[in-house]
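J.: give me the fold of what follows.
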Amino acid sequence: MTDAPSSPGSVTFAAASPGDTAPVILPVGRHGLLVELPTAEAAEALHAELLRRRAEGTLAPLREIVPGARTVLLDGLTDPGRLAAELPGWRIPPLDQGAGAAVEIPVRYDGPDLADVARLWGVAPGEVGRLHAATEFRVAFCGFAPGFGYLTGLDEKYHVPRRSSPRTKVPAGAVGLAGGHTGVYPRSSPGGWQLIGTAVDTVLWDPDRDPAALLAPGTRVRFVPARETRETLTVTSAPGSGSASGADAAGS
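T.: Predicted coordinates for the structure are as follows:
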């Protein structure tokens with residue numbers, strides 16, 4: 001097995017097989033660690049394992065666990081050096097995609113980039129919504145704006161580039177694609193994602209709700225064509241009514 005080169009003060013995991021790129025653990029201030037992973041899937045798996053260990057009481061006390069695109073930040077550790085020394089010996093199980101109840105988000109597939117995405121996918125525009133809704137997503141990490149989750153799950157053949165010319169204003173509720181991610185804009189803002197639809201009756205961020213964000217890292221998400229939604233949807237929540245379930249950022 002091979003190890004990735006270590007930077008001063010860092011600890012590296014042993015690579016799983018020759019040619020693998022090993023994760024690197026870096027100190028962040030006096031009480032934090034940043035774990036850099038070789039893939040987004042590895043970052044999600046480590047984040048899930050950290051949450052599992054914290055829930056069962058076998059993880060050292062800490063204040064925050066913050067996943068990124070290919071990183072996990074641990075902050076508020078009383079003894080970060082000890083955890084850094086232990087992490088290389090951990091065995092991280094494969095990510096359990098079926099854990100937890102899925103949040104359902106009703107969508108009208110009426111986005112202005114629907115035809116462009118259909119062309120990139122090699123399908124008819126009407127097929128985009130069907131394929132998107134048939135996918136089960138998972139929130140990999142959050143960022144860009146309060147309540148914005150970066151959702152993974154689309155097959156690689158459906159990954160699309162960002163728009164060459166970002167829009168100066170994307171409406172709240174717009175459902176977009178960029179690279180391998182899907183996201184729902186929680187508020188109006190500039191953005192360069194390919195817009196394929198509009199979330200219906202969905203409050204992504206409500207400071208009067210606990211928790212304020214509807215989507216958190218690790219949450220399973222399914223998009224449901226609006227005409228097929230049930231009378232009472234898991235995701236629908238008026239301000240202050242509570243969450244149905246239960247930040248880096250690649251940008252939008």
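
J.: ok, which stretches of this structure are helices?
T.: 40-55, 80-86, 114-121, 125-133 (DSSP state H).

J.: which strands and helices lie in contact with the first one?
T.: Spelled out, that is helix 40-55. Helix 40-55 sits against strand 64-67, strand 71-75, strand 136-142, with contacts defined as 3 or more C-beta pairs under 8 Å, 6 or more residues apart in numbering; DSSP states H and E. For the C-beta atoms, the positions are set from N, CA and C on the backbone; glycine is no exception.

J.: residues in contact with it?
T.: 23, 35, 37, 59, 62, 65, 67-72, 74, 90, 92-96, 99, 138, 140-141, 152, 180, 217-218 (C-beta atoms under 8 Å, 6 or more residues apart in numbering).

J.: could you check the angle that helix makes with strand 136-142?
T.: 80 degrees (axes from the mean of the first three to the mean of the last three C-alpha atoms, to 10 degrees).

J.: ok, back up a step: make a PyMOL selection of the buried ones in the contacts of helix 40-55.
T.: Buried members of the contacts of helix 40-55, defined by 16 or more other C-beta atoms under 10 Å, are picked up in PyMOL with:
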select buried, resi 23+35+37+59+62+65+67+68+69+70+71+72+74+92+95+138+140+141+152+180+217+218
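
J.: and for W90, nearest residue in space, chain neighbours not counted?
T.: With C-beta to C-beta, 6 or more residues apart in numbering as the criterion, W90 has its nearest non-adjacent residue at 7.1 Å, and that residue is E49.

J.: state the distance from the one you found to T152.
T.: Distance, E49 to T152, by C-beta to C-beta, to the nearest Å: 17 Å.

J.: tell me the pLDDT at V235?
T.: pLDDT, V235: 35.

J.: ignore the last one, G143
T.: pLDDT, read off for G143, is 88.

J.: same thing with the one 10 residues further on?
T.: In the prediction, the pLDDT value recorded for G153 is 92.

J.: against R70, how distant is it?
T.: Counting by C-beta to C-beta - G153 and R70 are separated by 17 Å.

J.: same check on G197?
T.: Taken as C-beta to C-beta, the span from G197 to R70 is 27 Å.

J.: can you show me the strands along the protein?
T.: Taking DSSP state E as the criterion, the chain contains strands spanning 11-12, 24-28, 32-36, 64-67, 71-75, 102-108, 136-142, 149-152, 167-170, 174-178, 181-184, 189-191, 194-199, 220-225.

J.: find the nearest non-adjacent residue to P94, please.
T.: Per C-beta to C-beta, 6+ apart, closest to P94 is A45, 6.6 Å.

J.: ditto for G192
T.: P166 (3.3 Å).

J.: list the contacts for that neighbour?
T.: Neighbours of P166 in contact, by C-beta under 8 Å, 6+ apart: P190, G191, G192.

J.: which of those are buried? Put it as a PyMOL command.
T.: PyMOL command restricting these to the buried ones, with burial defined by 16+ other C-beta under 10 Å:
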select buried, resi 191+192
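
J.: closest one of the contacts of P166 to A226?
T.: G191 (21.7 Å; C-beta to C-beta).

J.: quick one: low-confidence parts of the stretch 151-252 of the chain?
T.: Counting by pLDDT under 70, the stretch 151-252 of the chain has low-confidence residues at 228-252.

J.: go again with 90.
T.: 216-218, 226-252 (pLDDT under 90).

J.: could you export the helices of the chain as a markdown table, including mean neighbour count and distance to V184?
T.: Formatted as a markdown table, the helices of the chain follow (neighbours: other C-beta atoms under 10 Å; distance: least, C-beta to C-beta, whole Å):
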| stretch | mean neighbour count | distance to V184 |
| --- | --- | --- |
| helix 40-55 | 18 | 19 |
| helix 80-86 | 15 | 34 |
| helix 114-121 | 17 | 16 |
| helix 125-133 | 17 | 12 |
